[in-house]
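1. would you be able to build a 3D model of this:
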Amino acid sequence: MARQRGYHDDDMPIQMPKLPQLPKFSLPLKALGGVGGWISLALVLALVWIFYWWFIQRIEVGPGEILVLTRKVGAPLPPEADGQSVLYPALLQKLGQPPNSLKYQGILYEPKGEGRYFYDPFFWRREIFPATLLGKGEGVGAPDEIGIKVRKYGDPLPPGKIVATEPHERGPMAEVLQPGRYNLNPYAYEVKRVQPVFIPEGFVGVQTLYSGAEPGDPNTFLAKSGERGVQPDVLPPGMYYNNPYVRRIDLIETRTQTLDLVGQDAIRFPSNDSFQIVVEATVQYAVRQDQAAYVLAAIGDHDDIATKLLLPVVRSFSRIEGSKLRARDFISGEERSHWQETVFQTISQQCYAQGIDVQQVLIRRIEPPGQIAGPISERQVAEQEVNRFRKEIDLAKSQARFVEQEEMQKQAKALGEAQRDVVTVNTEAEQRRAVAITEARKRLEVSKLRLESAKQDAQAKISRGQAEAEIIRLRFEAEALPLRDAVNAFGGGDAYAQHFFYQKLAPSLKTILANTDGPFSDIFKALSPSSIPRGVRPVSTPTGGGNNTPASAPALSGGGR
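-> As a prediction, this is how the structure comes out:
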């Protein structure tokens, strides 16, 4: 059974497919008894239920589609619903029900996305609709497609309000749907497809708010930011996803524009001497970007700017200033240049205050009356000849002054060279003298430094010799002092020499003859106790020792010195 967009179950009757034939059993039901009959009945009912569940309740929602459900059973909506058919959250809250309540009959607010669902058609009306798709522009410069949601349910908007801002209000919403897919209930919302606003280079966007606070001063051209009306801020070039129910964007060009005053639009006015003057001009102007909103609100587009502002201002000031001059003043001369400058300055100041920047006013042609054009031209030629002769005279005078100045320059140059030579000689002499004095002073300073250095060297050598002599004296004194103390300790030099001899001899003795007779023993016999110096005592032979130390060998007491 093929489905189309907007399909629902009430559009066509349900065609029941043929049931598959059940296999025939050879055993009769009587053989199975009462239990077999009940089992067969249960199987049949199960097959019927499965068929009903799969082929009747099942509904497939394909890609890019949504399923909208309408509840057929339940309590009808009370009078407080004001004839609403969509069970949106604000309405259920108003009726004291949760957002997912199924108490009342009506269209469910949230649709179902693609997939497989099972809803009984006796309790639900099932409708399939295509999802809302907003395309994105393909290629360079291709515009996107955006959507504006228009709410179909809710209370009507109060007077003066055009955008639904409360959840219970019906009408256009401020939200802008960007390119993409949206599963929106067609009974709850309508999508208005619009194009985004593109502001090219050289243009700005003037914003007009349709929704916002009431303006504080309704008698001004521009409202304050956020108030309903023309906004003072403009939009720079770019792409804007704009909601036309909330804001209108008007483009105005800010590049230089040209207004030609020729032909029928040429400026015509009488001169001071009652001659008709025709002036053709070109005005170059541009809309000030900071005043673009005021210009569009107070004046209009570029056609309005030309007809309502520039033409009246240029013509009026040209006539006012031009009627002060004579006809011949417009052919040439300083009066014509002064008139052009005065007109330009006056027009610029007047238009700048209105948001228009007049960049230049070019006088293309001035047509004087024919009856004075010839004589004035001849007079101008004569004046030009006089001016030419005067210029030639002035040129000859200038050349004469130039020759005179050249001769004076030559004379001044020769005098300057002579003075420069004298100055050079004097300068060189002074420099040589200064150099000689400097050299002499430098040699003197060097000699003084050398003398001082020699004195310091001699003093250093004397100090070093004295220090070395003192060091030698101290070293010898340090070496002799212990010897003197040792001699004093032994009571004389002989005792100390004997002691020194014994110290050197004793370690070398290995054995001593026990015989006391002989010349060698006589040496030790001569050493009577009275001849042993103080501090030296004889050493007795240790008993049982293995050393061959002589019994009469002297030893130092108290430290071995």
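2. can you count the residues close to A281?
-> 23 (other C-beta atoms under 10 Å). C-beta here means a position set from N, CA and C on the backbone, and glycine is covered the same way.
3. can you confirm it is in a helix?
-> No. Read with DSSP: H, G, I helix; E, B strand; the rest coil, A281 is strand and lies in no helix.
4. dig out what it forms beta bridges with.
-> L261, I363 (DSSP bridges).
5. and the helix or strand hosting R388, what does it pack onto?
-> Using DSSP states H and E, R388 sits within helix 370-490. Here helix 370-490 touches helix 493-505, going by 3 or more C-beta pairs under 8 Å, 6 or more residues apart in numbering; DSSP states H and E.
6. so, low pLDDT: which residues of the stretch 1-150 of the chain?
-> 1-33, 137-142 (pLDDT under 70).
7. make it 90
-> 1-37, 40, 77, 79-84, 90-91, 93-96, 99-102, 135-144 (pLDDT under 90).
8. tell me which stretches of it form strands.
-> For the stretch 1-150 of the chain, the strands defined by DSSP state E, counting those that start in this stretch occupy 7-8, 58-61, 65-71, 86-87, 106-108, 115-118, 124-130, 132-134, 146-151.
9. hmm, G226 is touching P215, no?
-> No. G226 lies out of contact with P215 (C-beta atoms under 8 Å); the separation is 10.0 Å.
10. contacts only, for the spatially closest residue to E175 that is not a sequence neighbour.
-> Using C-beta to C-beta, 6 or more residues apart in numbering and skipping the chain neighbours, the partner closest in space to E175 is K149 (5.8 Å). Residues counted as contacts of K149 (C-beta atoms under 8 Å, 6 or more residues apart in numbering) are P172, M173, E175, L177, L184, Y189, E190, V191.
11. repeat that for S225.
-> Q231, P232, D233.
12. just the buried subset of those residues, please.
-> Applying 16 or more other C-beta atoms under 10 Å to the contacts of S225, the neighbour count classes Q231, P232 as buried.
13. which of the contacts of S225 lies closest to L310?
-> P232 (23.5 Å; C-beta to C-beta).
14. filter the contacts of S225 down to the ones in strands?
-> The strands, defined by DSSP state E, take in Q231, P232, D233 from the contacts of S225.
15. sort out which one of those residues lies nearest V204 for me.
-> D233 (9.9 Å).
16. so the closest residue to that closest one other than its chain neighbours versus R319, what's the distance?
-> Distance criterion C-beta to C-beta, 6+ apart; nearest residue to D233, sequence neighbours excluded, is S225 at 6.4 Å. S225 sits 42 Å away from R319, going by C-beta to C-beta, to the nearest Å.
17. likewise R390?
-> 36 Å.
18. and those two? Which one has more around it.
-> Between R390 and R319, counting by other C-beta under 10 Å, R319 is the more crowded of the two (16 against 10).
19. correct me, but E227 touches A213?
-> Yes. Look at E227 against A213 with C-beta under 8 Å: they come within range, at 5.1 Å.
20. just want to know which of the two has more residues nearby.
-> E227 (17 against 12).
21. what values do phi and psi take at the nearest residue in space to the more buried one that is not next to it in sequence?
-> Closest residue to E227 apart from its sequence neighbours, by C-beta to C-beta, 6+ apart: P215 at 4.5 Å. Per-residue torsions, P215: phi -60, psi 140 (degrees, to the nearest 10).
22. measure P215 to R228 for me?
-> Distance, P215 to R228, using C-beta to C-beta: 6 Å.
23. check I249 too.
-> Using C-beta to C-beta, I249 is found at 15 Å from R228.
24. ditto for V86
-> 30 Å.
25. could you do L444 as well?
-> Taken as C-beta to C-beta, the span from L444 to R228 is 100 Å.
26. the more surrounded of these two?
-> In terms of neighbours (other C-beta under 10 Å), R228 is the more surrounded of L444 and R228; the figures are 16 against 10.
27. residue contacts, the more buried one?
-> Applying C-beta under 8 Å, 6+ apart, one finds that R228 lies in contact with L209, Y210, S211, G212, A213, E214, P215.
28. and the nearest residue to the third one once chain neighbours are set aside, how many neighbours?
-> In other words, S211. Distance criterion C-beta to C-beta, 6+ apart; nearest residue to S211, sequence neighbours excluded, is V163 at 4.3 Å. Residues contacting V163 under the criterion other C-beta under 10 Å number 18.
29. V163 against V176, yeah?
-> No. Counting by C-beta under 8 Å, V163 stays clear of V176, with 11.8 Å between them.
30. skip the chain neighbours and tell me the closest residue to the residue nearest the centre of the chain.
-> Centroid-nearest residue in the chain: P236, 19.4 Å away (criterion: C-alpha atoms, centre = their mean). Excluding its sequence neighbours, the residue lying closest to P236 (C-beta to C-beta, 6+ apart) is V204, at 6.6 Å.
31. how is the one you found assigned, secondary-structure-wise?
-> strand.
32. which one of the strands of the stretch 1-150 of the chain is the most hemmed in?
-> For the strands of the stretch 1-150 of the chain, the largest average neighbour count (mean count of other C-beta atoms under 10 Å) is found in strand 86-87, namely a mean of 24.
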